[in-house]
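> starting from these lines, generate the structure:
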Amino acid sequence: MAVIENTISPSSAAFEANRDGMLGLIARMRALEERTRAASAVAKDRFHKRGQLLPRERVALVLDPGSPFIELSTLAGYMFDVSDPDKSVPGGGLIAGIGFVSGVRCMVSANDAGIDAGALQPYGLDKTLRVQELALENKLPYVQLVESAGANLLRYRVEDFVRGGNIFRNLARLSAAGLPVMTVTHGSSTAGGAYQTGLSDYIVMVRGRTRAFLAGPPLLKAATGEIATEEELGGAEMHTSISGLGDYLAEDDRDALSIAREIMAALEWDRPGAGRGEFCAPRYDQEELLGIMPMDHKRPVDMRQVIARIIDDSDFTEFGTNYGPATVCGHARIEGQAIGIITNNGPLDVPGANKATHFIQGCCQSRTPLLYLNNTTGYMVGRAYEEAGMIKHGSKMIQAVTSATVPQITLYCGASFGAGNYGMCGRGFHPRFCFSWPNAKTAVMGGEQAAETMAIVTEAAAIRRGKPIAREKLDAMKAEITGVFDGQMDVFSTSARVLDDGVIDPRDTRSVLAELLAICRESEARTPQRMQFSVARP
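Next up is the predicted model:
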């Protein structure tokens, strides 16, 4: 055994300051999530009066009671709907996550119809596409609960229309890959959105509530002069008895969700076992994860103390301990599941990059999933490092990350700057999953460094022209650049742009990682032959 020794003092002033800072960020995140729930819940009386359930009530009923549910991208679109941080409602108009439906692990997506009638919100498209990508890559059946007013025409952008076609392409790809696409159409599914229903393998419609048509009554009359009611054009009874679009007719939302669960229960699909074998909990309190990471990314931290609080028995077999020591690599288990871990106790140097490359290749050879705990300001710079081949060896690490043949999971724990973000499997390198802690920061460099760099360049250019720039102008430029960088690097900005799959409380890290590893393991074991039962709809 190689148990990590505890070096954390929970009673120290530094720990308490870190803890208070982290708790403040968690509280801010939870308040934003609650704001979204409250905004949707305002429609509760209206929904219940017409015999409907709120979107989150629908999600709760389709999922197995008491089973784990990993909600995704809850901060998507934050401050892109309105610029006021006190009024913005994040989430992208979509509730999405991975959970169990009749014992089958599924991707579940639901239009949040309590907010603007389910119209797509800023970054809702990006969130939808990412959710579909995760379902396809992890071989998860796709369950969608549809009720949407479609795109907000007051915010129309042609690029959203064109990119939106990817939603329908992905539904076809999921079905073609043998992954069941099941849709409960609770309300409106109009225009292009009608194909969200149409491109499904199993379709449940609700009597008197479902509306699916390419053109609603106003557009139909404007385009052709024909007059028809919504029910005549695209009601559930018409589609389940005449057009054949609908497969199942439900009496209300509850009945529809019950039918959806019955369909999933009847499918021939692998259901994960209840247990993962014997394992020991970490030796140290996961509550202490709150106080390990400093709020200032320039302060050093030993990431082994993070590892010790998320792995089984705090038992970590470190790889190449004395070579490139600022880069920490090693093997561990999380709830009995093998994992290779790479993290940073500082910038990446040549030995660290070489060690990480070797470790990644070894994990691919042994089919061990990889976890990247990001906490780096980037690759080392300077004459000595350039002469030592920093670019060459950093490129080898980036190539190893790109070419890895095992699932890779990324967690932003601290800074993730510059090419260090790339070498540590940042979002641009398509990790299987990518989550953040509330204190994480992502940028090409720190704001102060960017400002100083531009000040040096600007001043040198002015001197060459024989017109030295005034100091106050340089200071104003530096302040502006710092503000631009600092305003985009925290998780409330990056997660709003769907540059991760969500922000998690550090105390939940072990349980979330255990579920993610199980998802990866199940998808790797699922053979294409077992997935060919699903057929395209006529």
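> list the residues that contact the residue nearest to D285 when sequence neighbours are not counted.
Using C-beta to C-beta, 6 or more residues apart in numbering and skipping the chain neighbours, the partner closest in space to D285 is R309 (7.2 Å). Bear in mind the C-beta positions are built from the backbone N, C-alpha and C, glycine included. Residues in contact with R309, defined by C-beta atoms under 8 Å, 6 or more residues apart in numbering, are P282, Y284, D285, Q286, E288, L289, I292, R510.
> name the SS class of R309, please.
coil (DSSP: H, G, I helix; E, B strand; the rest coil).
> what about the longest helix that the chain contains, average pLDDT?
Longest helix of the chain, by residue count under DSSP state H: helix 13-41. If you average the pLDDT over helix 13-41, you get 98.
> equivalent analysis for stretch 479-490, please.
91.
> how about it, which residues are buried there?
I481, T482, F485, D486, Q488, M489, D490 (16 or more other C-beta atoms under 10 Å).
> who's the last one bridged to?
Each beta-bridge partner of D490 is listed here, defined by DSSP bridges: K441.
> please look at it and K441 and confirm they touch.
Yes: under the criterion of C-beta atoms under 8 Å, D490 makes contact with K441 at 5.8 Å.
> now for the longest helix of the chain, which elements pack on it?
Where contact means 3 or more C-beta pairs under 8 Å, 6 or more residues apart in numbering; DSSP states H and E, helix 13-41 is packed against helix 55-62, helix 491-494.
> please name every helix or strand in contact with the shortest one.
Translated: helix 491-494. helix 13-41.
> and for the longest one?
Using 3+ C-beta pairs under 8 Å, 6+ apart as the contact criterion, the secondary-structure elements in contact with helix 55-62 are helix 13-41, strand 94-101, strand 104-111, strand 142-148, strand 181-190, helix 253-266.
> at 6 Å instead, please
strand 94-101, strand 104-111, helix 253-266 (3 or more C-beta pairs under 6 Å, 6 or more residues apart in numbering; DSSP states H and E).
> so which of the helices and strands packed on helix 13-41 comes closest to A113?
helix 55-62 (5.5 Å; C-beta to C-beta).
> angle of the closest one against strand 181-190?
Counting by axes from the mean of the first three to the mean of the last three C-alpha atoms, to 10 degrees, helix 55-62 lies at 160 degrees to strand 181-190.
> make residue 1 into 25 and carry on from there
Yes, from this point I'll number from 25; that puts the last item at helix 79-86.
> pLDDT of helix 79-86, averaged?
Computed over helix 79-86, the average pLDDT equals 98.
> check the offset of that helix from the chain's centre.
Remark: helix 79-86 is offset 20 Å from the chain centroid, using C-alpha atoms, centre = their mean, to the nearest Å.
> which residues are contacting stretch 266-286?
With contact meaning C-beta atoms under 6 Å, 6 or more residues apart in numbering, stretch 266-286 is reached by 75-77, 85-86, 126, 206, 208, 210, 226-231, 260, 263-264.
> separation between the closest residue in space to G511 that isn't next to it in sequence and D525?
Leaving aside its chain neighbours, G511 sits nearest to S517 (6.7 Å; criterion: C-beta to C-beta, 6+ apart). The spacing between S517 and D525, counted by C-beta to C-beta, to the nearest Å, is 16 Å.
> got it, and R187?
In terms of C-beta to C-beta, R187 sits 19 Å off from D525.
> dump the contacts of R333 to CSV, plus pLDDT, neighbour count and distance to R323.
Output for those, formatted as CSV (pLDDT from 0 to 100; neighbours: other C-beta atoms under 10 Å; distance: C-beta to C-beta, whole Å):
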residue, pLDDT, neighbour count, distance to R323
P306, 98, 20, 24
Y308, 98, 17, 21
D309, 97, 14, 22
Q310, 97, 17, 22
E312, 98, 21, 17
L313, 98, 27, 16
I316, 98, 24, 11
R534, 98, 18, 24
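> poorly predicted segments of the protein, please.
297-300, 551-562 (pLDDT under 70).
> now for the helices and strands packed on helix 37-65, which one comes closest to T98?
That would be helix 515-518 among the helices and strands packed on helix 37-65, by C-beta to C-beta, at 11.2 Å.
> what helices and strands are in contact with the next helix or strand along the chain from the closest one?
Later in the chain than helix 515-518, the nearest helix or strand by DSSP states H and E is helix 533-549. Helices and strands touching helix 533-549, by 3+ C-beta pairs under 6 Å, 6+ apart: there are none.
> tell me the buried residues in helix 533-549?
So for helix 533-549, counting by 16+ other C-beta under 10 Å, buried means 533-547.
> looking at those residues, which is nearest I493?
Among the buried residues of helix 533-549, and counting by C-beta to C-beta, the member closest to I493 is T533, at 47.4 Å.
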